[in-house]
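Engineer: got a structure for you, letters missing:
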Ligand SMILES: Cc1cc2nc3c(=O)[nH]c(=O)nc-3n(C[C@H](O)[C@H](O)[C@H](O)COP(=O)(O)O)c2cc1C
């Protein structure tokens, strides 16, 4: 694995919220001292773009990006420029696609100008996206995932890439992380959801950590300093939070303060 410098502080991340985590939202979250913010998810191939429009038609909040190259630069200037408080903060862009087509190539290259990481969405479970063979279905068909990563690396040979997954869908950890290693993936951002319950299955984080040296960002139901500790004790290098921020973006400020307070007193050494 190439070390791309998975270094942001504090190790607390705002996880993607399609239709919500836009520039203004992420700027606010950066102001609260968060280590990494995530713009998007953005659908960046023609099929995912069409699927996203269908999702909006049935009432889901989503982002829609222009499909004409002449409009992409202006869109990026208006929607992606963020100011960091300090050099320890990072910007992540979450992207949905199942094929690297001409549209994908344009957006991938544009995003590298504004982001520190591009995060491949192997997490979305919306039917329209699954029908494009994207989102979480990439975890069921690892051959497809491998082909996709190969095509992405042809466009971005060395840009830091992460992957967002639903941990419970990975059956063969060794095979999965072997593929990610082959394409120098910088982090695995795992939603550790326990299907049917409103809590994380921490075993997922344990199993991932034990199968790879790629840093793990632990996600799902992280709400308190105690949840952060549980994720770190399982070996996660960072944690992320999403749903509480929909109603109250400031929610993350308390997590950052609690973590930083404890870390400064030496009781938690999991700084990145
Ligand atoms: C409205 C909404 C939109 C989401 N959009 C995305 C997305 O575009 N990409 C993604 O990887 N995850 C997306 N997620 C998943 C969250 O990032 C996160 O993994 C999930 O909500 C569990 O974390 P939490 O318990 O902190 O909310 C979305 C979740 C919600 C509720």
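Structural biologist: Structure's in. What do you need? Since the structure is predicted, the reported quantities are computational estimates derived from the model, not experimental observations.

Engineer: got the residues of the stretch 101-250 of the chain near the ligand?
Structural biologist: Residues of the stretch 101-250 of the chain found near the ligand (CB under 6 Å from any ligand atom) are 121, 123-124, 164, 191, 219-222, 241-243. To be clear about C-beta, it is placed using only N, CA and C from the backbone, and glycine gets the same treatment.

Engineer: Can you flag the buried ones in those residues?
Structural biologist: Buried members of those, scored by 16 or more other CB atoms under 10 Å, are 121, 123-124, 164, 191, 219-222, 241-242.

Engineer: Those in strands, which ones?
Structural biologist: Of these, the ones assigned to strands by DSSP state E are 121, 164, 191, 219, 241.

Engineer: In CSV: the residues you listed, plus distance to residue 184.
Structural biologist: Below are these laid out as CSV (distance: CB to CB, whole Å):
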residue, distance to residue 184
121, 18
164, 17
191, 22
219, 22
241, 27
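
Engineer: and which of the residues you listed is nearest to residue 185?
Structural biologist: residue 164 (11.1 Å; CB to CB).

Engineer: for the stretch 1-150 of the chain, what spans make up the helices?
Structural biologist: Applying DSSP state H, counting those that start in this stretch to the stretch 1-150 of the chain gives helices spanning 23-31, 46-57, 69-79, 102-112, 127-131, 137-140, 142-155.

Engineer: Off-centre distance for the third one?
Structural biologist: In other words, helix 69-79. Mean-position distance between helix 69-79 and its chain equals 22 Å (CA atoms, centre = their mean, to the nearest Å).

Engineer: I would like the residues contacting that helix, please.
Structural biologist: 22-23, 39, 65-66, 106-107, 110-111, 113-114 (CB atoms under 8 Å, 6 or more residues apart in numbering).

Engineer: now do the fifth one
Structural biologist: By CB under 8 Å, 6+ apart, the surrounding residues in contact with helix 127-131 are 43, 48, 51-52, 54-55, 96, 124, 135-137.

Engineer: Between which two of those residues is the distance greatest?
Structural biologist: 54 and 136 (17.5 Å).

Engineer: before we move on, back to that, as CSV, the helices of the stretch 1-150 of the chain with mean neighbour count and mean pLDDT would be great.
Structural biologist: Below are these laid out as CSV (neighbours: other CB atoms under 10 Å; pLDDT from 0 to 100):
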stretch, mean neighbour count, mean pLDDT
helix 23-31, 18, 98
helix 46-57, 18, 98
helix 69-79, 13, 96
helix 102-112, 19, 98
helix 127-131, 18, 98
helix 137-140, 20, 97
helix 142-155, 16, 98
